[in-house]
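A.B. asks: Below are the sequence and a predicted model; questions follow.
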Amino acid sequence: MGFRIAWHPGAVSILYPNGDVLALDLCGRPFAVFMDGRSYRRGLGGRILQIVRTITGRRGFEDVVGTEKVRLISRIFDRLTGSRINDLSSIDNGITKYKRFDRWLTERRLKSVTDLQRDALRYSEVYGRVGILPPDQYQSIVIQLTRGCAYNRCRFCRFYRGETYQVLDKRQLEEHIFSVSEYLGPALPVRNRIWLGEASVLGVEQDHLVGCVETVRNHLSGPARGGLAAFGDLIVSRKRSVKEYRDLCQAGLQRLYIGIESGCPEIRKALHKPLDDEMVLKTLNAMREGGISINPIFLLGAGGLAAEEQHVKGTADLLSRLEVRPGERVYLSPIVAGDDDGVELLGAGTRPLTPEQIDRQRSLLESLVPGEFRFATYDIRGFLY
Ligand code: SF4
């Protein structure tokens with residue numbers, strides 16, 4: 001039986017006649033697999049998510065753990081090794097590609113379950129862990145200029161609880177960039193953009209931040225061409241002038257993702273994220289004037305069912321005043337029933353919405369804002385790095 005090979009920057013995919021697909025980076029880390037009718041994604045840290053369809057047809061994610069995970073990885077590597085013994089005549093798309101593939105099978109850094117376990121440990125040394133990324137940034141190179149959250153008090157957020165906000169100095173940043181580059185090795189080109197820090201880079205003093213963005217761009221010039229983005233915040237960071245945002249933009253920062261959560265001030269307050277509408281608009285517009293694009297993030301289900309009307313109307317109003325620009329996207333992040341601590345996350349007595357109610361709320365919101373808005377789902381359950 002033949003199979004096809006497709007080379008990509010920093011990666012290879014093997015496509016089998018029965019529809020199975022294995023995608024691995026050039027170090028040998030599987031990152032996307034379709035096998036036996038099942039779809040999997042694997043993160044650098046070793047976590048594997050199976051993408052499933054729930055009984056209602058929605059996309060869901062299930063962790064693959066324990067012996068099932070070991071079995072899956074073994075099967076992937078067996079399949080790869082099995083691909084080698086096919087004779088050259090079985091290859092559909094060229095002997096040269098096959099020879100390169102055969103050489104890569106021998107030379108790749110990671111060939112076994114144990115190798116991948118060691119690699120995941122190395123990932124922990126380099127990163128500790130990566131808390132969360134927006135869904136369009138899962139393939140970025142993460143450079144942890146900041147760790148933790150400078151605010152850390154939003155009721156619905158558990159990403160950095162108990163962690164102290166830290167900022168790397170220039171020497172630490174250069175060492176970190178070196179470790180990340182070494183860790184990714186020949187797989188680095190798979191990741192064609194850069195994500196800077198945790199929450200948020202705006203907590204970094206201006207001159208240091210400008211210098212760090214330049215340093216990252218200089219050391220990782222290839223992926224930096226794909227864009228450099230980060231989380232921004234509107235609560236604890238010092239407000240910057242348009243010129244300061246322009247300096248950041250000229251240094252290389254292109255996009256900020258800002259969690260606004262709701263267009264209703266009372267709901268934001270209940271979520272422990274007290275923001276003033278006018279300040280939100282003024283600050284986001286100053287960022288844009290400085291040349292930085294904005295991707296605002298709102299929660300679906302904030303305030304629960306009881307406050308749905310205020311949440312949807314307030315958010316639609318704020319979005320209309322925000323006038324999202326070309327290239328900008330509005331992220332909608334659902335809080336759904338089934339989150340084990342959803343009640344506490346939303347405030348005492350407020351129940352999270354069901355998936356059906358979340359879908360309805362999204363449609364309602366979309367129907368209330370002008371057609372040019374680009375909405376995207378930000379489902380934190382699908383996060384993997
Ligand atoms: S500012 Fe962002 S990262 Fe920090 S606690 Fe709030 S939602 Fe979480």
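C.D. replies: Right, received. Where do you want to start? Residues are numbered from 1 along each chain as shown.

A.B. asks: contacting residues around Glu366?
C.D. replies: Phe373, Phe375 (Cβ atoms under 8 Å, 6 or more residues apart in numbering). For glycine as for every other residue, the C-beta is placed from the backbone atoms N, C-alpha and C.

A.B. asks: Which of the helices or strands spans it?
C.D. replies: According to DSSP states H and E, Glu366 maps onto helix 355-368.

A.B. asks: same question for that helix, mean pLDDT?
C.D. replies: On average, the pLDDT along helix 355-368 is 93.

A.B. asks: Can you give the distance from that helix to the centre of its chain?
C.D. replies: 23 Å (Cα atoms, centre = their mean, to the nearest Å).

A.B. asks: do stretch 192-205 as well
C.D. replies: Taking Cα atoms, centre = their mean, one finds stretch 192-205 lying 13 Å from the centre of the chain it belongs to.

A.B. asks: What about Pro355, how many residues nearby?
C.D. replies: By other Cβ atoms under 10 Å, 15 other residues sit near Pro355.

A.B. asks: now swap in Gly19 and tell me
C.D. replies: Residues lying near Gly19 (other Cβ under 10 Å) number 10.

A.B. asks: Against His8, how distant is it?
C.D. replies: Distance, Gly19 to His8, by Cβ to Cβ, to the nearest Å: 19 Å.

A.B. asks: thinking again about what came up before, got the CA coordinates for the helix holding Glu366 in CSV?
C.D. replies: Extracted C-alpha coordinates of helix 355-368, given in CSV (Å, rounded to 0.1, in the frame of the first residue of the first chain):
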residue,chain,number,x,y,z
PRO,A,355,-24.2,24.7,25.7
GLU,A,356,-27.5,25.4,24.0
GLN,A,357,-28.0,28.6,25.9
ILE,A,358,-24.4,29.7,25.0
ASP,A,359,-25.1,29.1,21.3
ARG,A,360,-28.3,31.1,21.6
GLN,A,361,-26.5,33.9,23.3
ARG,A,362,-23.8,34.0,20.7
SER,A,363,-26.5,34.2,17.9
LEU,A,364,-28.3,36.9,19.7
LEU,A,365,-25.1,39.0,20.1
GLU,A,366,-24.1,38.5,16.5
SER,A,367,-27.6,39.6,15.4
LEU,A,368,-27.2,42.9,17.4
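
A.B. asks: which residues does the residue in the stretch 1-150 of the chain that the ligand sits nearest to bridge with?
C.D. replies: Using Cβ to the nearest ligand atom, Cys149 is the residue of the stretch 1-150 of the chain that sits closest to the ligand, at 3.3 Å. Legend: beta-bridge partners of Cys149 under DSSP bridges are Ala199.

A.B. asks: Can you pull the residues of the stretch 101-250 of the chain lying near the ligand?
C.D. replies: Residues of the stretch 101-250 of the chain lying near the ligand by Cβ under 6 Å from any ligand atom: Cys149, Tyr151, Asn152, Cys154, Cys157, Phe159, Tyr160, Ala199, Asp233.

A.B. asks: which of the residues you listed count as buried?
C.D. replies: Buried by 16 or more other Cβ atoms under 10 Å: Cys149, Tyr151, Asn152, Cys154, Cys157, Phe159, Tyr160, Ala199, Asp233, out of those.

A.B. asks: and the residues you listed, which two are the farthest apart?
C.D. replies: Phe159 and Asp233 (12.8 Å; Cβ to Cβ).

A.B. asks: Please enumerate the shared neighbours of these two.
C.D. replies: Residues touching both Phe159 and Asp233 (Cβ under 8 Å, 6+ apart): Cys149, Ala199.

A.B. asks: Please enumerate the helices of the protein.
C.D. replies: Secondary structure of the chain (DSSP state H): helices located at 66-84, 95-107, 113-127, 170-184, 206-219, 221-224, 242-251, 265-270, 277-289, 308-322, 342-346, 355-368.

A.B. asks: I'd like these laid out as CSV, including distance to Trp195.
C.D. replies: Shown next, in CSV, are the helices of the chain (distance: least, Cβ to Cβ, whole Å):
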stretch, distance to Trp195
helix 66-84, 26
helix 95-107, 28
helix 113-127, 12
helix 170-184, 11
helix 206-219, 10
helix 221-224, 10
helix 242-251, 15
helix 265-270, 25
helix 277-289, 17
helix 308-322, 23
helix 342-346, 25
helix 355-368, 26
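
A.B. asks: right, so of the ones you listed, which gets closest to Ile51?
C.D. replies: Closest to Ile51 of those is helix 66-84 (Cβ to Cβ; 13.6 Å).

A.B. asks: Excluding its own residues, what touches that closest one? List them.
C.D. replies: Applying Cβ under 8 Å, 6+ apart, the external contacts of helix 66-84 come out as 3, 14, 20, 22, 24, 30, 33, 35, 40, 48, 64, 101-102, 105, 111-113, 116.
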